[in-house]
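Q: I need the structure of the sequence given here:
(chains A, B and C, ligands or ions: 2)
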Amino acid sequence: MPSLLAVSELNKRFGGLVATSNLSLDVQPGETHALIGPNGAGKTTLIAQLQGELRPDSGAISFNGADITHEPPHRRARLGIARSFQITSVFPEFTALANVALAAQAREPHGFRFWKEAANDPALTAPALDALKTIGLDNRASVIAQDLSHGERRQLELAMALAMKPKLLLLDEPMAGMGRQDGQRMTRILANLKSSYAILIVEHDMDAVFALADRVSVLVAGAVIASGTADTIRADPLVKAAYLGHRG
Amino acid sequence: MTFSLFIEQLLNGVQLGVMLFLMAAGLTLVFGIMNLINLAHGSLYMAGAFFAATVFQISGSFLLAVPIAVALTALVGGVVERAVLRQFYARSHLDQVLVTFGLILVFNDAVRLIWGVVPVPLAPPEALAGSVHLFGGVDYPAFRLAILGVGALVALGLYFVVSHTRIGMWIRAGASNRPMASALGVDVELVFSLVFSAGAGLAGLAGLMAGPITAVQVGMGEPILILALVVTVIGGIGSIRGAFVAALMIGVGDTFGRVLLPPALGSMAIFMLMAAILAWRPKGLFPVHG
Amino acid sequence: MADTIAKPGGLSVMLRVSWPILLILALLAFAPTLSNALDNPFLVRLFTRAVIFAMAAVALNFVLGFGGLVSLMHGGLAGIGAYAVAIMAFHDYDGSKFLGVFPGTSDLAILIPVAMLAAGLGAALTGIVALRTSGAYFIMITLAFNQMLYYFFVALQQYGGDDGLQILSNLTLAGFDISRRATFYYVALVALCAELFFFSRVVASRFGTILQACAQNERRVTAIGIPPLRYKLAALAISGAAAGLAGALWASGQQFVSPSELSWDRSGDYIVMAVLGGTGRVWGPVLGAVVFVLLEAFLPAWTQFWQAPFGVVVILIVVFLRGGLIDLMGGSLARPTGGGR
Ligand SMILES: Nc1ncnc2c1ncn2[C@@H]1O[C@H](COP(=O)(O)OP(=O)(O)O)[C@@H](O)[C@H]1O
Ligand SMILES: [Mg+2]
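A: Ligands and ions are numbered 1, 2, ... in the order given. Purely as a prediction, here's the structure:
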């Protein structure tokens, strides 16, 4: 089966700093692929290049069989790549429902529709509510996003990603900054999504990673140093030395 | 265009460029370091001219008027910074636009109240009243030549201060990384006040030098403020070097544009130039951040 | 929950949310009556000024309050509309042709669309450059473009240059005479109502939602698959066209236009009006414009030095009245609740 996402020999530098180093990686259809690595390893930089916000210096990215290396981010989103940011990124002045409805609206061919009221259009609110339900946030639909708790905003971001009806979810530390309870809740939500989407997830919480991931890749200094099932990675002495060891 | 006319226009252009640099230096530093858009910068230019005119009326000496007016303008700038603008460094650009717009109204009325609405006379010093013979049979007003010299000196001095001294290092530190600067023990508030006052002093200097050429009157700072904003944007907000290059470019470009092109185009030339440069480099010629 | 997806509440919701503007418009409708009763023709002119400024400020606020774009060129854009009317009327009076091709006209039914098109085009062309940047750069560049337009019209010697251009022909609207002050005032008031209705629909539409989202978090807009630039550009063009409409009416009402109407402080005034009234609602700037024009008219009678206190008022508004005057009319009103507001 061809890969859904295939990255080959990607390189990215910031001045003298090598953030991505000859990196190759793939995500299979239906697979949950976890990316782990110490802070500053280049995980977020990689995600940003996959989503299109950053341009790689060299290398190629293909998605669903097409070369997307030079596609702008909005077009990649339309092709089916949805990203949630490490630092929560929502529309703070909109209600939760309006946030997700806009993500659903983004799937329409264009937004040059000037007359019909958007907030009450079931064509947008119905899929938005569905996405909120899937995430378990439907009871907070009418709350302004900036009044939601941190954990709820993270969930909202995930709901926005789902409303885009993507093929691949790029999740950058979805549990970051969450308490234990919220984190476990998020792990359960992701476990439910696992069967419906291909997922590339960056996460520090090893319990969550080992519970969710079909495959784990370890990133150190911009390069993949090991890749395999959770058990192989756990046992890999190189990984232990380079990464797991650091975390004590 | 004859050679002597060309030289004369070139000098005019460079002289305008020098004035623009004096204005833009303050704007660009204040924006680069404090992240403040100051539309009232033209008011400080005006204040410098009026202070000079008053000292000149009392003492009859232009040379005495220069340091006193510059110092007074710097003082006014310092007071406004402490009393008002300091509160707005962290506010939105919209708020800054409104507050400095309000300040312009206050400044204009204050000047009307003190000096009246009639333009105030300000003559160049006796020694610089005539013309100077230059090479190629060009006669050029001595006072304009003096402006050029003073401006060039100030530009050099400023460049030296920013790039080679301790305070310049603080300024650069403050511009690129505020938390880091405070962590290093730099008194950020003090640096802000000093920078703002210095920028005000330079604007005052530009204003008092322009006084004898144009007219000392209410609102005199606004046309040049907008040119200085264009310079700031082209040079890259926050960059002294960019301000210098762009000031000369705009000064010379504007002067020749008006001479060579039909009026409707000539007056728009520099704005077209700005559009072209920004279409090519949206953050200006010498971007400072990112 | 149910009510967020329920049908809009219809008339009652509309009344609850927008009673202040309905009240203001109703009061404005009586300006000519009042002017007659007091036998003071100055009042109609004053309120014509208020209504037209309101139109320009509402146009500005579409990009300022909803798109987060602080434009300092709306004075210039309105000026394009004003000159479009004056120039075409000039050619009509003169019998000559604009650019040697287009015959002039004095009918606003043609002049207004032309003015809106010209101003919208001006906004789009300058916007292509200005929108490549953001934040402080955008503000300064729009200010520069405003000045460019100012110098451009100063340089047009054929159309009066510095001295401005008088409209000597009799302007009509689809053949009807509109030269009576009261008639013209009602034309302007109707235009303002149409503008308010138009923008309140657009703001709540899909397009308006994208525009507001761009103001809040452009990165997120891109990440969900929407390219922000084209929407911001379209918004700027629409806003410019509406400003051009205001300018067209301004020139028609004055029978005159001069470059000083395009000076950059006029653009600043529009921002003051928008913020004074409140940028959170489409109609907020109407309130700001009325208060602005009244202050501008009556403060000078009180003191020669009225600009300074006015400047202080502007500063105080920024410091203390974040939501503008509409905030004083009930806090809940100024609060956006989602896609539309
Ligand atoms: N825009 C940027 N400019 C310069 N350096 C950057 C930029 N973004 C990230 N970096 C650097 O690249 C490295 C990788 O960062 P990042 O991808 O955020 O790591 P991670 O997400 O794995 O913690 C870090 O050293 C970081 O400081
Ligand atoms: Mg990261």
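Q: where exactly do the strands run in chain A?
A: A:5-14, A:17-27, A:32-36, A:58-63, A:66-67, A:81-84, A:168-172, A:198-202, A:215-220, A:223-228 (DSSP state E).
Q: Partner strands of the third one, with direction?
A: Looking back up the chat, that one is strand A:32-36. strand A:198-202 (parallel), strand A:215-220 (parallel) (DSSP bridges).
Q: Nearest approach to C:Pro32 belongs to which of these?
A: Closest approach to C:Pro32 among the strands paired with strand A:32-36 (C-beta to C-beta): strand A:198-202, 67.0 Å. In short, each C-beta sits where N, CA and C put it, glycine included.
Q: sorry, back to before: the strands paired with strand A:32-36: lowest mean pLDDT?
A: Ranked by mean pLDDT, the strands paired with strand A:32-36 bottom out at strand A:215-220, with a mean of 93.
Q: rewinding a little: return the most buried member of the strands of chain A.
A: Compared across the strands of chain A, strand A:81-84 shows the largest average neighbour count, a mean of 27 (mean count of other C-beta atoms under 10 Å in any protein chain shown).
Q: Just list what that one packs against, helices and strands only.
A: Counting contacts by 3 or more C-beta pairs under 8 Å, 6 or more residues apart in numbering or on different chains; DSSP states H and E, strand A:81-84 is packed against helix A:43-51, helix A:150-163, strand A:168-172.
Q: Could I get these in JSON lines, plus columns for distance to B:Gly130 and mean pLDDT?
A: As requested, the helices and strands packed on strand A:81-84 are exported to JSON lines (distance: least, C-beta to C-beta, whole Å; pLDDT from 0 to 100):
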{"stretch": "helix A:43-51", "distance to B:Gly130": "65", "mean pLDDT": "97"}
{"stretch": "helix A:150-163", "distance to B:Gly130": "72", "mean pLDDT": "96"}
{"stretch": "strand A:168-172", "distance to B:Gly130": "71", "mean pLDDT": "97"}
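Q: tally of neighbours for C:Arg219?
A: 11 (other C-beta atoms under 10 Å in any protein chain shown).
Q: let me redo that: C:Ala174
A: 9.
Q: any idea of the pLDDT on the closest residue to it other than its chain neighbours?
A: Once flanking residues are discounted, C:Ala174 sits nearest to C:Ala109: 4.2 Å by C-beta to C-beta, 6 or more residues apart in numbering or on different chains. Confidence at C:Ala109, expressed as pLDDT, is 94.
Q: ok, and does stretch C:269-285 reach over to chain A?
A: No. Using C-beta under 8 Å from any C-beta of the partner chain, stretch C:269-285 stays clear of chain A, coming no nearer than 9.8 Å.
Q: Buried residues, that stretch. List them.
A: C:269-285 (16 or more other C-beta atoms under 10 Å in any protein chain shown).
Q: Give me the subset of those residues lying in strands.
A: Among the buried residues of stretch C:269-285, no member falls in strands (DSSP E).
Q: Need the strands of chain A in JSON lines (columns: distance to ligand 2).
A: What follows is the strands of chain A, written out as JSON lines (distance: least, C-beta to the ion, whole Å):
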{"stretch": "strand A:5-14", "distance to ligand 2": "14"}
{"stretch": "strand A:17-27", "distance to ligand 2": "11"}
{"stretch": "strand A:32-36", "distance to ligand 2": "10"}
{"stretch": "strand A:58-63", "distance to ligand 2": "19"}
{"stretch": "strand A:66-67", "distance to ligand 2": "26"}
{"stretch": "strand A:81-84", "distance to ligand 2": "12"}
{"stretch": "strand A:168-172", "distance to ligand 2": "6"}
{"stretch": "strand A:198-202", "distance to ligand 2": "7"}
{"stretch": "strand A:215-220", "distance to ligand 2": "10"}
{"stretch": "strand A:223-228", "distance to ligand 2": "16"}
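Q: In contact with the residue in chain A that ligand 2 sits nearest to, which residues?
A: Relative to ligand 2, the nearest point of chain A is A:Thr44 (3.2 Å; C-beta to the ion). By C-beta atoms under 8 Å, 6 or more residues apart in numbering or on different chains, the contact list for A:Thr44 reads A:Gln86, A:Asp172, A:Val202.
Q: can you redo those as CSV with distance to C:Met73?
A: Formatted as CSV, the contacts of A:Thr44 follow (distance: C-beta to C-beta, whole Å):
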residue, distance to C:Met73
A:Gln86, 38
A:Asp172, 39
A:Val202, 44
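Q: Where does pLDDT dip in chain A?
A: The model of chain A has pLDDT under 70 over residues A:1, A:242-248.
Q: Tell me how it divides into domains.
A: A:1-80+A:166-248, A:93-163 (automatic domain parsing).
Q: if we can go back for a sec, burial of the residue nearest to C:Ala174, as a residue count?
A: 12.
Q: what does A:Ala41 give?
A: Residues near A:Ala41, counting by other C-beta under 10 Å, number 23.
Q: what about the nearest residue to it once chain neighbours are set aside, distance to A:Leu190?
A: Of all residues not flanking A:Ala41 in the chain, A:Leu219 sits nearest, at 4.5 Å (C-beta to C-beta, 6+ apart). As for A:Leu219, its distance to A:Leu190 is 20 Å (criterion: C-beta to C-beta, to the nearest Å).
Q: How about B:Phe88?
A: 44 Å.
Q: now C:Met55
A: 52 Å.
Q: One more: C:Thr222?
A: 24 Å.
Q: does the residue in chain C that chain B sits nearest to sit in a helix or strand, and which one?
A: Per C-beta to the nearest C-beta, C:Gly311 is where chain C lies closest to chain B, at 3.1 Å. For C:Gly311, the host element (DSSP states H and E) is helix C:307-320.
Q: Just name whatever secondary elements that helix is in contact with.
A: When contacts are defined as 3+ C-beta pairs under 8 Å, 6+ apart, helix C:307-320 packs onto helix B:93-115, helix C:264-277, helix C:284-302.
Q: now the last one, how far from the centre of its chain.
A: How far helix C:284-302 lies from its chain's middle: 16 Å, per C-alpha atoms, centre = their mean, to the nearest Å.
Q: right, is it up against chain B?
A: No. Figure legend: helix C:284-302 not in contact with chain B (C-beta under 8 Å from any C-beta); closest approach 11.3 Å.
Q: Now do that helix against helix C:307-320, angle only.
A: On the basis of axes from the mean of the first three to the mean of the last three C-alpha atoms, to 10 degrees, helix C:284-302 is oriented at 150 degrees to helix C:307-320.
Q: and helix C:284-302, what does it pack onto?
A: Packed next to helix C:284-302, using 3+ C-beta pairs under 8 Å, 6+ apart, are helix C:11-29, helix C:42-64, helix C:264-277, helix C:307-320, helix C:325-328.
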